[in-house]
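Asks: Quick one: sequence plus predicted model below, questions after.
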Amino acid sequence: MRPRALVVPLLSVSLLAGCASPNAEPSGEAADESRLDRVLEEGVIRVCTTGDYRPFTYLDPETDEFVGIDVDMARDLADDLGVEVEWVQTSWDDLMEDFLADCDIAVGGISISTDRSRQVYFSAPVMEDGKTPITLCENVDDYRTIEQINRPGVRSIMPSGGTNEIFAEEHYPEGTLIRHDNNTVFDEIVAGNADVMTTDASETLWVANEYEELCAVHPEEPFDYFEKAFMLPRGDEVMKHYVDQWLNIALHDGTWDEAVEPWFGPDVEL
């Protein structure tokens with residue numbers, strides 16, 4: 001039976017998260033200049049996203065358009081600002097470099113980490129999450145623990161770059177690590193070319209809804225804990241305050257729920 005447990009939502013965004021640190025210093029911009037002013041003046045917000053991480057961001061090859069939960073949220077932010085979106089496609093390997101060089105915000109299921117927080121600000125979190133396995137439904141009992149996965153002969157698959165690769169390298173040194181593109185990675189498990197993938201519980205819930213052969217192992221009790229949010233320019237308190245205010249409203253007025261429903265259905269909250 002496929003698990004139906006949900007990732008715990010963060011439905012209340014504390015505006016205290018936007019309060020300035022007394023020692024915060026802007027990075028790459030004058031102290032009295034905000035990226036928000038530039039976005040409003042130019043009429044364009046530049047959004048970095050990978051386009052390969054459903055349900056949050058996906059570049060549809062048939063339409064050449066970005067779709068996904070965070071894509072819809074970025075469009076709503078642009079509408080709130082009264083500006084257009086300029087998409088900047090990146091990869092997990094190049095996300096930070098491309099954001100710092102070209103973008104005003106980055107979206108697409110991005111996990112908050114202390115490593116990333118050295119270089120960027122994050123918005124208030126949109127959801128809680130954690131790493132959990134997904135595998136063929138008949139193999140769920142074989143991959144419930146890190147110890148079961150960290151064994152010789154167990155083939156763990158993941159895209160290169162990003163936190164899934166970091167987690168696998170740290171926790172599965174005795175296993176076989178397979179790097180693959182993110183868009184077809186789950187097809188490899190179905191085809192028998194890999195045994196298991198450890199990824200965000202939110203992603204495993206979406207995948208289990210899409211593939212009848214695959215089951216999320218224990219999304220309600222992931223191996224670790226983190227939050228997802230949007231990346232913002234480091235030191236820009238004005239930009240962060242605006243995004244946090246917009247996000248607080250969007251999480252309460254149905255905007256977030258409307259973005260989530262097409263990917264999970266009406267009974268799942270993230």
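Replies: In hand now; what should we look at? Bear in mind the structure is a predicted one, so any value in this text is a computation, not a measurement.
Asks: Spatially central, which residue of this structure would that be?
Replies: In the chain, the residue lying closest to the centroid (C-alpha atoms, centre = their mean) is residue 109, at 1.1 Å.
Asks: Could you tell me what pLDDT the model assigned to the residue lying closest to that one once chain neighbours are set aside?
Replies: Leaving out its chain neighbours, the residue that sits closest to residue 109 by C-beta to C-beta, 6 or more residues apart in numbering is residue 56, at 3.4 Å. To be clear about C-beta, it is placed using only N, CA and C from the backbone, and glycine gets the same treatment. pLDDT recorded at residue 56 is 96.
Asks: so who does residue 56 touch?
Replies: 68, 69, 70, 71, 107, 108, 109, 228 (C-beta atoms under 8 Å, 6 or more residues apart in numbering).
Asks: Please flag which of the residues you listed sit within helices.
Replies: 69, 70, 71 (DSSP state H).
Asks: I'd say the second one and residue 105 touch.
Replies: Put plainly, it is residue 70. No - at 10.0 Å, residue 70 does not count as touching residue 105 under the criterion of C-beta atoms under 8 Å.
Asks: what touches both of those two?
Replies: What both residue 70 and residue 105 touch, as defined by C-beta under 8 Å, 6+ apart, is the set residue 230.
Asks: picking that back up, right, and the residue nearest to the centre of the chain touches residue 227 too?
Replies: No - applying C-beta under 8 Å as the test, residue 109 and residue 227 come out as separate, 11.3 Å apart.
Asks: what about residue 111, how many neighbours?
Replies: 19 (other C-beta atoms under 10 Å).
Asks: Pull up the per-residue confidence for it.
Replies: Model confidence at residue 111, given as pLDDT, is 92.
Asks: how about it, what does it touch?
Replies: With C-beta under 8 Å, 6+ apart, residue 111 has these contacts: 129, 163, 200, 226, 227, 228.
Asks: need those in TSV with distance to residue 44 and pLDDT, can you?
Replies: Shown next, in TSV, are the contacts of residue 111 (distance: C-beta to C-beta, whole Å; pLDDT from 0 to 100):
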residue	distance to residue 44	pLDDT
129	30	95
163	29	88
200	30	94
226	31	95
227	28	96
228	25	96
